[in-house]
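A.B. asks: Sequence first, predicted coordinates after that:
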Amino acid sequence: MLNKDCLTYAGNLVSLKIIAAQCNYKFVQANICGRMVLDYHIVRFKPDAIIQLAVDSHVDRSIFASEKFMQTNIIGTYTLLESTRAYWSTLSSFAHNSFRFLHGSTDEVYGSLSEKGLFREDTTHNPSSPYSSSKAVPDHIVMAWHRTYGLPTLITNCSNNYGLYQFP
Ligand SMILES: NC(=O)c1ccc[n+]([C@@H]2O[C@H](COP(=O)([O-])OP(=O)(O)OC[C@H]3O[C@@H](n4cnc5c(N)ncnc54)[C@H](O)[C@@H]3O)[C@@H](O)[C@H]2O)c1
């Protein structure tokens, strides 16, 4: 596994100590908005799959300063997607067919629920904050890259979760 993270306030290498010593794990400090660096590492590492989890997160933070959210969540995902597509297009038939790009999105793209109700995968997007809008746009970009270029993509829209190693 190659873990690329630019280490914002939310990134913490101490949380990765448990896997850092594994021989099949490598960490690179890099920003997903930087195309040349992404290309360099992806081509060298030759991944079977790419998981996009880099994010600028939290509704309140996005209301006070939205620009980084647009950069990381929209431009960053787009840049990683294009770097991925360039790499994927060079793969041999088997690797090309089995490759996957998983985009970690959020249920916030669907907006708010009242006390009752639920979201489904086909619920219409109804973002209501700078954060949720910056997460809704890449969902559409990822779907478009699948439809237009055939890139094998998956999107998850999970609700809030927490656990060990999470930024407090
Ligand atoms: N945690 C939740 O409850 C939750 C709920 C729904 C969806 N999600 C989604 O899951 C994904 C991961 O969320 P999380 O809670 O782990 O986020 P987090 O904020 O805890 O971690 C984000 C990581 O991304 C890195 N990062 C930020 N900008 C970057 C950039 N430009 N380039 C490279 N790395 C960068 C940070 O350093 C950090 O390590 C996100 O897509 C988020 O929208 C999380």
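C.D. replies: Perfect, I can see it now.
A.B. asks: For the lowest-mean-pLDDT helix or strand in the chain, give me every contacting residue.
C.D. replies: The weakest-scoring helix or strand in the chain, judged by mean pLDDT, DSSP states H and E, is helix 17-20 (a mean of 92). Helix 17-20 has contacts (Cβ atoms under 8 Å, 6 or more residues apart in numbering) with Met1, Leu13, Tyr25, Phe27. Heads up, the C-betas are built off the backbone N, CA and C, glycines and all.
A.B. asks: Also stretch 153-164?
C.D. replies: 100-107, 109-110, 119, 121, 139, 142-143, 145-146.
A.B. asks: rerun that using 10 Å as the cut-off
C.D. replies: Outside stretch 153-164, the residues within contact range by Cβ atoms under 10 Å, 6 or more residues apart in numbering are 15, 18, 49-53, 81, 84, 100-110, 119-121, 123, 125, 135-136, 138-139, 141-147, 168.
A.B. asks: Go through that stretch and flag the buried ones.
C.D. replies: In terms of neighbour count (16 or more other Cβ atoms under 10 Å), stretch 153-164 has its buried residues at Thr153, Ile155, Asn157.
A.B. asks: circling back: can you tell me which of the contacts of stretch 153-164 end up in helices?
C.D. replies: For the contacts of stretch 153-164, membership in helices holds for 18, 81, 84, 135-136, 138-139, 141-147, with DSSP state H as the criterion.
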